[in-house]
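Participant: The amino acid sequence is not available; the structure is as follows:
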């Protein structure tokens with residue numbers, strides 16, 4: 001199995017596992033735990049999971065002096081993205097929020113064009129217009145009323161934070177940081193964003209139900225530790241842009257859980273909006289030689305050692 005194929009598989013796994021956020025987060029939020037506390041628990045439980053894997057593999061925890069600030073920045077970006085997404089669930093629902101979050105691949109493409117001189121094709125411009133059309137269809141919920149502006153702004157902020165994370169993780173100062181270590185420190189630094197507003201009553205709520213503890217542990221593993229590990233490894237193999245595009249599997253899994261398990265409404269208009277947004281991103285690389293396009297992106301970054 002060559003590195004490119006592994007990168008694609010890892011990218012798909014990363015997106016699909018991150019799309020399980022509503023599956024595990026909504027029961028905790030519905031039980032009365034606030035978003036910041038849910039995320040604090042999620043990250044806190046993920047840290048020993050990753051640390052145990054590192055010890056089992058004989059990896060060290062040390063960092064170079066010039067790596068602390070970049071990793072702290074990555075942690076805050078990831079934490080901000082997660083917090084904004086979770087809070088938005090209360091305003092516009094998990095299905096729509098997870099779909100709108102998927103505009104982050106387009107944001108990655110724009111960032112790559114502005115700061116790394118990646119050429120913006122006519123197809124890319126068309127894809128952006130297509131995505132905006134899809135967002136326009138999603139602007140009204142299943143009952144026909146306009147979605148909350150606050151919820152939309154939160155999802156946009158979540159998408160932008162994650163887009164910057166995907167690009168920032170490629171910076172040269174982090175080229176010698178193994179995937180496991182990078183992921184551990186991203187989660188570690190991200191925890192500080194939630195610690196200030198953590199409600200200790202959350203543990204009392206968890207203690208009343210073993211199912212809620214199971215949700216918390218699954219949330220710490222699948223959309224957190226496992227997803228971030230796969231994302232970091234995939235970026236190292238195929239670059240930021242293709243990993244972002246493979247994120248199409250994220251809203252698909254998130255919408256599936258939100259509609260089938262949590263009975264969120266799904267209308268024809270909303271379905272078309274979701275389809276337009278997903279299609280707009282995949283169209284970005286559908287013209288010309290896909291392999292050459294991905295290789296141009298990948299060569300912009302040095303190899304990151306695992």
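Facilitator: Done, it's in. Just so we're clear, the structure is a prediction, and the values are computed from it rather than from any experiment.

Participant: can you pull the contacts of residue 79?
Facilitator: By CB atoms under 8 Å, 6 or more residues apart in numbering, residue 79 lies in contact with 39, 43, 189-194. For glycine as for every other residue, the C-beta is placed from the backbone atoms N, C-alpha and C.

Participant: Kindly apply the preceding question to residue 167 instead.
Facilitator: By CB under 8 Å, 6+ apart, the neighbours of residue 167 are 108, 111-112, 115-116, 240.

Participant: on that earlier part again, out of the contacts of residue 79, which sit inside helices?
Facilitator: If you go by DSSP state H, the contacts of residue 79 have 39, 43, 189-194 in helices.

Participant: Could you single out the nearest of those to residue 104?
Facilitator: Of all the ones in helices among the contacts of residue 79, residue 104 sits closest to residue 190, with 17.0 Å by CB to CB.

Participant: Just give the closest residue to that closest one, not the sequence neighbours.
Facilitator: Counting by CB to CB, 6 or more residues apart in numbering, residue 190 lies nearest to residue 79, which is 3.4 Å off, once chain neighbours are set aside.

Participant: what about residue 7, distance to residue 283?
Facilitator: According to CB to CB, to the nearest Å, residue 7 and residue 283 sit 20 Å apart.

Participant: So the two - more neighbours on which side?
Facilitator: residue 7 (23 against 17; other CB atoms under 10 Å).

Participant: can I assume the more buried one sits in a helix?
Facilitator: Yes: Residue 7: assigned to a helix according to DSSP: H, G, I helix; E, B strand; the rest coil.

Participant: residues touching it, list them.
Facilitator: Contacts for residue 7 (CB under 8 Å, 6+ apart) come out as 233-234, 236-238, 242-243.

Participant: got the contacts of residue 167 as CSV, with neighbour count and pLDDT columns?
Facilitator: Formatted as CSV, the contacts of residue 167 follow (neighbours: other CB atoms under 10 Å; pLDDT from 0 to 100):
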residue, neighbour count, pLDDT
108, 30, 80
111, 21, 86
112, 22, 82
115, 9, 85
116, 14, 81
240, 27, 71
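
Participant: Considering the residues you listed, which is situated nearest to residue 258?
Facilitator: Distances from residue 258 to the contacts of residue 167, taken by CB to CB, are shortest for residue 108, at 24.1 Å.

Participant: which other helices and strands contact the host helix or strand of the closest one?
Facilitator: Per DSSP states H and E, residue 108 falls inside helix 104-116. When contacts are defined as 3 or more CB pairs under 8 Å, 6 or more residues apart in numbering; DSSP states H and E, helix 104-116 packs onto helix 122-138, helix 149-168, helix 240-245, helix 268-283.

Participant: any idea which residue of the chain is furthest from its center?
Facilitator: Outermost residue of the chain with respect to the C-alpha centroid, by CA atoms, centre = their mean, is residue 208; its distance is 30.0 Å.

Participant: got the phi/psi numbers for it?
Facilitator: phi -80, psi -10 (degrees, to the nearest 10).

Participant: With residue 175 instead?
Facilitator: According to degrees, to the nearest 10, residue 175 has phi -70, psi -20.

Participant: For residue 165, see how far away it is.
Facilitator: On the measure of CB to CB, residue 175 and residue 165 end up 16 Å apart.
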